[in-house]
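Trainee: this is a predicted model, with the sequence first.
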Amino acid sequence: MSHLQGGTAVITGAAKGFGLKANRIAARLGMKVVMADVQADALARAQAEIEGLGAAVLPWRLDVSKADQVQAMADATLARFGVPHVVFNNAGVGAGGLIWEHTQADWEWVIGVNLMGVAHGVRIFTPLMLAEAARNPGYRGHLVNTASMAGLLNAPNMGVYNVTKHAVVSLSETLYQDLALVSDQVHAHVLCPFFVPTGISQSHRNRPADMAPVKPTKSQLIAQAMSDKAVSSGKVTAAQVAQFVFDAMAERRFYIYSHPKSLASVQVRLEDVMTPRNPTDPFAAKPEIGAELRRALRGA
Ligand SMILES: NC(=O)c1ccc[n+]([C@@H]2O[C@H](COP(=O)([O-])OP(=O)(O)OC[C@H]3O[C@@H](n4cnc5c(N)ncnc54)[C@H](O)[C@@H]3O)[C@@H](O)[C@H]2O)c1
């Protein structure tokens, strides 16, 4: 029997992709779920599906980049279900292109959702979980933050996305170390997936009107096309990734990977850092892709 049986999971980005699949697993484990997402129509559909599995659901529409909205969701969670056992800070958005071509609104939107969304979740829920752990020796809590392989690599033309995901890895490793100082009952995990078919390459669907994009640049159009292709052709499924998250919680494993073979690129990057030598060409194994990208970016 899972140690999470009968517990409560708070999942952001719950309406689609990894978040929705994680809700399915939580429901099957007999957990109560707080489904938090910004997209109202997708959230309503997801809520109906998860309630159909017999789970008690608190649907919560919020923008995770807004501290007061995350606080309101936490207050509602406590009122309805009490202190959660799983907090999956998973909502995220993508934006690519050459790093200097992002607008200020691009930076604010992606940092707001991908980094501050996780920071608000950690800041608000960790003290509640630690207080519950102090009250109840049988309590076990898990904070899972979604980063990406982009948090361990720096592929070109992926702009601010890389920056935020590195920050989430840093935040999560720090959280792991800090928790180890104060508790044996609350655990941190970081999810670092490679390309997996979900709605991530269509993130602009949820971009706030007051942060509307200007006309995309050539590099941004190329990044969009590359991301559409890479995400849609991924072979590992979102359901498998969600299962990896629950497996890691059961095993108290911090790093959660969807494509362990892609760690070879992380090793190359760390060898760049350690040698030290200049960053290795990410297209060394597939030079035709690098050549095509350079041609497309340099062409008139
Ligand atoms: N799919 C991949 O290839 C991949 C790879 C690495 C990392 N990730 C990360 O996985 C996480 C989940 O994404 P996914 O791939 O399931 O994509 P997805 O688009 O299918 O799901 C993301 C969910 O987050 C929600 N969301 C977006 N902005 C939000 C906001 N401001 N507040 C609350 N909710 C918001 C969306 O409505 C959506 O339901 C993201 O952090 C993403 O960066 C995805």
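Mentor: That came in fine, so what should we check first? Just so we're clear, the structure is a prediction, and the values are computed from it rather than from any experiment. Numbers count the residues shown, from 1 in each chain.

Trainee: what's near enough to touch the nearest residue to residue 218 once chain neighbours are set aside?
Mentor: Counting by CB to CB, 6 or more residues apart in numbering, residue 218 lies nearest to residue 297, which is 6.9 Å off, once chain neighbours are set aside. C-beta: built from backbone N, CA, C; applies to glycine. Residue 297 makes contact with 98, 157, 218, 219, 222, according to CB atoms under 8 Å, 6 or more residues apart in numbering.

Trainee: dump the helix or strand where the fourth one lies to CSV, restricted to CA.
Mentor: Here residue 219 is covered by helix 218-232, with elements defined by DSSP states H and E. Written as CSV, here are the backbone C-alpha positions of helix 218-232 (Å, rounded to 0.1, in the frame of the first residue of the first chain):
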residue,chain,number,x,y,z
LYS,A,218,12.7,34.8,-37.0
SER,A,219,14.5,33.0,-34.2
GLN,A,220,11.3,32.7,-32.2
LEU,A,221,9.4,31.3,-35.2
ILE,A,222,12.3,28.7,-35.7
ALA,A,223,12.2,27.9,-31.9
GLN,A,224,8.4,27.4,-32.1
ALA,A,225,8.7,25.0,-35.1
MET,A,226,11.6,23.1,-33.4
SER,A,227,9.7,22.8,-30.1
ASP,A,228,6.5,21.6,-31.9
LYS,A,229,8.5,18.9,-33.6
ALA,A,230,10.6,17.8,-30.6
VAL,A,231,7.6,17.7,-28.2
SER,A,232,5.2,16.0,-30.6
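
Trainee: go through it and flag the buried ones.
Mentor: 219, 220, 222, 223, 224, 226, 227, 231 (16 or more other CB atoms under 10 Å).

Trainee: return the distance of the last one relative to residue 206.
Mentor: Relative to residue 206, residue 231 is positioned 16 Å away (criterion: CB to CB, to the nearest Å).

Trainee: with the third one instead?
Mentor: From residue 222 over to residue 206 the distance is 22 Å, taken as CB to CB.

Trainee: kindly list the longest helix within this structure.
Mentor: Ranked by residue count under DSSP state H, the longest helix found in the chain is helix 159-182.

Trainee: what inclination does that helix have with respect to helix 218-232?
Mentor: 60 degrees (axes from the mean of the first three to the mean of the last three CA atoms, to 10 degrees).

Trainee: which secondary structure elements does helix 159-182 contact?
Mentor: Helix 159-182 is packed against helix 104-110, helix 117-135, strand 141-146, strand 186-192, with contacts defined by 3 or more CB pairs under 8 Å, 6 or more residues apart in numbering; DSSP states H and E.

Trainee: most packed of these?
Mentor: strand 141-146 (a mean of 26; mean count of other CB atoms under 10 Å).

Trainee: so what pLDDT did the residue of the stretch 51-200 of the chain found nearest the ligand get?
Mentor: Taking CB to the nearest ligand atom, the ligand has its nearest neighbour within the stretch 51-200 of the chain at residue 92, 2.0 Å off. On pLDDT, residue 92 comes in at 98.

Trainee: please apply the same query to residue 299.
Mentor: So residue 299 comes in at 85 (pLDDT).

Trainee: and residue 279, by the same measure?
Mentor: If you check residue 279, the pLDDT there is 98.

Trainee: I'd say it and residue 153 touch.
Mentor: No. Residue 279 is beyond contact range of residue 153, at 10.0 Å (criterion: CB atoms under 8 Å).

Trainee: near the ligand, which residues of the stretch 201-300 of the chain are found?
Mentor: Within the stretch 201-300 of the chain, the positions near the ligand by CB under 6 Å from any ligand atom are 203, 206, 231.

Trainee: count the residues that sit near the first one.
Mentor: A count of nearby residues for residue 203, using other CB atoms under 10 Å, gives 19.

Trainee: quick one, what contacts the residue nearest to it when sequence neighbours are not counted?
Mentor: Spatially, and ignoring its direct neighbours in sequence, residue 203 is nearest to residue 93 (3.8 Å; CB to CB, 6+ apart). When contacts are counted by CB under 8 Å, 6+ apart, residue 93 touches 109, 110, 113, 114, 200, 203, 204, 206, 207.
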